[in-house]
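Asker: coordinates for the following, if possible.
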Amino acid sequence: MQSTLNARPGWGIFWMILTGILFVGVTAFVKLTGTRIPAVEAAFLRYVLGLAFLLPMLGTLARLRLPRETWGLFVLRGACHAMGVGLWFFAMARIPIADVVAMNYLNPIYVTLGAALFFGEKLATRRVMAVLVALLGALIILRPGVRVVGAGHLAMIFTAIAFGGSYLLAKILADRCSAGLVVAMLSITVTIALAPVALSVWVTPTPYELLMLAFVAAFATGGHFTMTLAFRAAPLTVTQPVTFLQLVWAVLVGMAFFGEPFDPFVILGGLVIVAAVTFITWRESVLKRRACND
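Answerer: Numbers count the residues shown, from 1 in each chain. Predicted structure coming up:
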């Protein structure tokens, strides 16, 4: 039976719209930080600053007694996510905001493929077609041979793969630990994983750069919080299509503040990917309802 919160789709849509605005803000502040600081160091500083939000949980974390296998999963997820975050920061500083957001929609596609490869989940014909449509959307965005595909675009492809691996591991961990612990351990393990690489290429940040990265940490934390509220308030079949608005905000911010040109192919490709992801989400919802009724 659904909770009261889950019966409020209007609030789910509202929180997801706010989530999109906050995550576009993250991208904008990374672009404002510039490329003087290496991407890995910028990502490290973002997570160090974000650890401030975990201070109330330090006592609980210190008393944790978890199986070795669970600790291993936390470490593996931290390594995957750290790779994705480093590549993400690299891409965000080098390609238009809209391109970053549109290609970020590929994450659920890689999660779907990973679930089939590693968890033995069945890939029905409809899901295979949806995955192929999403990959077509990525090709519409990149248009290889028509425009130059830069290092930032390639970084975003591998970013989506790394984040896909992180989300698959989160799925396992969510069955063993509380949501708060999974989020907290992600912040800690990513910070530790990025530290040695960041220190090896260290460039002393200016007060302005630290301020921009503090905004990145605050907006990212707020975005994850409002996204959680959206998921609690409404099913994914309601909130997933709303994520397309994030691309709209990205285009507007890019044009208004960074002089980025409007690219209709990025909008079209993003729409194709979101449609495919929404179909997969809807299809999984239908199958779960059938399983509950049987």
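Asker: just list the residues touching the nearest residue to Pro205 once chain neighbours are set aside, thanks.
Answerer: In space, Pro205 comes closest to Ile37 once its chain neighbours are excluded; the distance is 5.7 Å by Cβ to Cβ, 6 or more residues apart in numbering. To be clear about C-beta, it is placed using only N, CA and C from the backbone, and glycine gets the same treatment. Ile37 makes contact with Leu45, Val203, Pro205, Glu209 under the criterion Cβ atoms under 8 Å, 6 or more residues apart in numbering.
Asker: where do the helices sit along the stretch 1-150 of the chain?
Answerer: 9-33, 39-50, 58-62, 68-92, 97-104, 107-118, 125-142 (DSSP state H, counting those that start in this stretch).
Asker: nearest to Ala217, out of these?
Answerer: Across the helices of the stretch 1-150 of the chain, Ala217 has its closest neighbour in helix 39-50 (4.1 Å, Cβ to Cβ).
Asker: what sits up against the closest one?
Answerer: 30, 33, 37, 82, 85-90, 93, 187, 190-191, 194-195, 197-198, 201-203, 205, 210, 213-214, 216-217, 220-221.
Asker: out of these, which end up buried?
Answerer: Using 16 or more other Cβ atoms under 10 Å as the burial test, the contacts of helix 39-50 include 30, 33, 37, 82, 85-90, 93, 187, 190-191, 194-195, 197-198, 205, 213-214, 216-217, 220-221 as buried.
Asker: longest helix anywhere in this structure?
Answerer: Among the segments of the chain that qualify as a helix by DSSP state H, the longest is helix 264-293.
Asker: what's that helix packed up against?
Answerer: Where contact means 3 or more Cβ pairs under 8 Å, 6 or more residues apart in numbering; DSSP states H and E, helix 264-293 is packed against helix 97-104, helix 107-118, helix 125-142, helix 236-239, helix 244-258.
Asker: which of the ones you listed comes out lowest on mean pLDDT?
Answerer: The stretch with the lowest mean pLDDT among these is helix 236-239, at a mean of 70.
Asker: tell me how many other residues crowd His224.
Answerer: When neighbours are counted by other Cβ atoms under 10 Å, His224 registers 16.
Asker: ignore the last one, Ala230
Answerer: Ala230: 25 neighbours (other Cβ under 10 Å).
Asker: need the three-state assignment for it.
Answerer: helix (DSSP: H, G, I helix; E, B strand; the rest coil).
Asker: which non-adjacent residue is nearest it?
Answerer: Nearest non-adjacent residue to Ala230, counting by Cβ to Cβ, 6+ apart: Trp15, 3.7 Å away.
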